[in-house]
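Asks: what shape does this take:
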Amino acid sequence: MATRKFFEPTPEMDLLLAKSGSMNREESLAATAELAKALELPLRKGVMSGDILDGIFEPIQLGPGATAEFPLDFLAPGTEKDFVAYTIPNHGRIPERHVEGDYVMVPTYDVGASIDYLLKYARDARWDVVGRAMSVMESQFTKKANDDGWHTVISAGVDRNILVFDNDAANGVFSKRLVSLMKTVMRRNGGGNSTSINRGALTDLFLSPEGVEDIRNWGVDEVDDITRRQLISQDGGLLTRIFQVNLHDLDELGEGQEYELFYESDLSGSLPSGDTEVVVGLDLRSNDSFVMPVRQAVQVFEDETLHRQRRAGFYGWAEHGFAVLDNRRVLLGSF
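Replies: Next comes the predicted model:
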């Protein structure tokens, strides 16, 4: 399977890369510094295109000196207590619960990454090697953002103390009834009433690849023949929607997988007897509850310490945060 190229180098970039591999330290560092700035934009784009947050969080660029404060003053007076926000204090930390009245302050924090390679690969303009190195650096940023975002979402869901499950389903099997139950519970517990314009609604489900395959195997007692044909054939085999709910398969969900272990081990989440994994339901009709304040997008710099080791490389950092401003937009289920 072909891999995505980090970017298409120009002849000028080839020359710059070759100069960065010079044995002359000053020439090498000057060229590497230019390369760092040239690679910054494709790295930023790659980090965003590689995320598995599926557009859940809205990136909000903060201006100089701006605070990451999100007011809740559009709420009806007296309903502020219904809004429970979750923010993450730093990369890799357990997200924290916030109830601050009419606003939420979202902390931003630094994330960093670095990569290096032998100087001879730069000297010989080996973009195949340097490009792979930059892809690794890109994946470091992407992995950190994915984990922090999803940890915030799952923590917000756990705090609701609601776990929807189908006690009539076979052990470990994702059922049609579970979708129906989650839609109803999201509506009943999402705030508002029948006349509310922002009443809770299940729009998206995130589940393991095994859960998606369970849907494909639903029999005639679960769905009619027309729906079964749609499940098998839609979008070239990719199952994307069922019962007006968007489906997203996530490798990190599933028995023994990373986000499942975060739920069970880090958050002390439990599953009903016979169930083996969680499914995450979200209300994504508007982007007012899932925010990603960005104080500084990814910046890339040359690593001046490597030349004496006959190596070259880059390091970079960014500053951002994640928050779920209203955890009623998150609902966990299990099967």
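Asks: and the gap between residue 19 and residue 89?
Replies: Relative to residue 89, residue 19 is positioned 43 Å away (criterion: CB to CB, to the nearest Å). C-beta coordinates here come from the backbone N, C-alpha and C atoms, glycine included.
Asks: quick check: next helix or strand after the longest helix anywhere in the chain?
Replies: Here the longest helix in the chain is taken by residue count, with DSSP state H as the criterion, and it is helix 127-159. Along the chain past helix 127-159, the next helix or strand (assigned with DSSP states H and E) turns out to be strand 163-165.
Asks: starting from that following strand, tell me which strands it pairs with and how they run.
Replies: Strand pairing for strand 163-165, determined by DSSP bridges: strand 330-334 (parallel).
Asks: between the partner strand and helix 127-159, how many degrees?
Replies: Between strand 330-334 and helix 127-159, the angle comes out at 90 degrees (axes from the mean of the first three to the mean of the last three CA atoms, to 10 degrees).
Asks: export strand 330-334 as CSV, just CAs?
Replies: Output of strand 330-334 as CSV, limited to C-alpha atoms (Å, rounded to 0.1, in the frame of the first residue of the first chain):
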residue,chain,number,x,y,z
VAL,A,330,-21.4,12.8,25.2
LEU,A,331,-23.0,9.4,25.9
LEU,A,332,-21.3,6.1,26.5
GLY,A,333,-22.7,2.7,25.7
SER,A,334,-21.3,-0.8,25.9
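Asks: got a list of contacts for it?
Replies: Contacts of strand 330-334 with the rest of the structure, by CB atoms under 8 Å, 6 or more residues apart in numbering, involve 153-154, 156-158, 160, 162-165, 178, 181-182, 185-186, 189, 202, 263, 269, 271-272, 275, 277-283, 324.
Asks: would you map the strands across the stretch 51-200 of the chain?
Replies: Counting by DSSP state E, counting those that start in this stretch, one finds strands in the stretch 51-200 of the chain at the ranges 58-61, 69-71, 85-87, 96-98, 103-105, 109-118, 163-165.
Asks: pipe these into CSV and attach distance to residue 140, mean pLDDT and mean neighbour count per row.
Replies: Listed next are those as CSV, based on distance: least, CB to CB, whole Å; pLDDT from 0 to 100; neighbours: other CB atoms under 10 Å:
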stretch, distance to residue 140, mean pLDDT, mean neighbour count
strand 58-61, 19, 91, 14
strand 69-71, 28, 84, 13
strand 85-87, 23, 82, 26
strand 96-98, 24, 74, 14
strand 103-105, 28, 84, 17
strand 109-118, 4, 94, 17
strand 163-165, 33, 98, 21
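Asks: would you turn those strands into a markdown table with distance to residue 290?
Replies: Rendered in a markdown table, the data for those read as follows (distance: least, CB to CB, whole Å):
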| stretch | distance to residue 290 |
| --- | --- |
| strand 58-61 | 6 |
| strand 69-71 | 11 |
| strand 85-87 | 10 |
| strand 96-98 | 15 |
| strand 103-105 | 12 |
| strand 109-118 | 18 |
| strand 163-165 | 20 |
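Asks: nearest to residue 15, of those strands?
Replies: Of all the strands of the stretch 51-200 of the chain, strand 109-118 sits nearest to residue 15, with 18.0 Å by CB to CB.
Asks: before we move on, the earlier item: neighbour count winner among residue 19 and residue 89?
Replies: residue 19 (19 against 12; other CB atoms under 10 Å).
Asks: got the angle between the longest strand along the chain and strand 330-334?
Replies: For the chain, the strand reaching the highest residue count under DSSP state E is reported as strand 290-302. Computed with the same axes, to 10 degrees, the direction of strand 290-302 lies at 90 degrees from that of strand 330-334.
Asks: quick one: residues contacting residue 134.
Replies: When contacts are counted by CB under 8 Å, 6+ apart, residue 134 touches 6, 39, 42, 43, 115, 314.
Asks: how far out from the middle of the chain is the host helix or strand of the second one?
Replies: With elements delineated by DSSP H and E, residue 39 resides in helix 25-49, which encompasses its position. Shown here is helix 25-49, whose average C-alpha point lies 25 Å from the average C-alpha point of the whole chain (CA atoms, centre = their mean, to the nearest Å).
Asks: between strand 290-302 and that helix, find me the angle.
Replies: Between the axis of helix 25-49 and that of strand 290-302 there is an angle of 160 degrees, by the same axes, to 10 degrees.
Asks: residues contacting helix 25-49, please?
Replies: Applying CB under 8 Å, 6+ apart, the set of residues contacting helix 25-49 from outside is 6-7, 13, 16-17, 19-22, 59, 119, 122, 134-135, 137-138, 141-142, 145, 297-304, 307, 312, 314, 316.
Asks: any quick ChimeraX command for the buried ones out of those residues?
Replies: Restricted to the buried members of the contacts of helix 25-49, where burial is judged by 16 or more other CB atoms under 10 Å, the ChimeraX selection command reads as follows:
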select :6,7,13,16,17,19,20,21,22,119,122,134,135,137,138,141,142,145,297,298,299,300,302,303,307,312,314,316
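Asks: still on that earlier bit, who does the longest strand of the chain pair up with?
Replies: Sheet pairing here is set by DSSP bridges, and for strand 290-302 it gives strand 58-61 (parallel), strand 311-320 (antiparallel), strand 323-324 (antiparallel).
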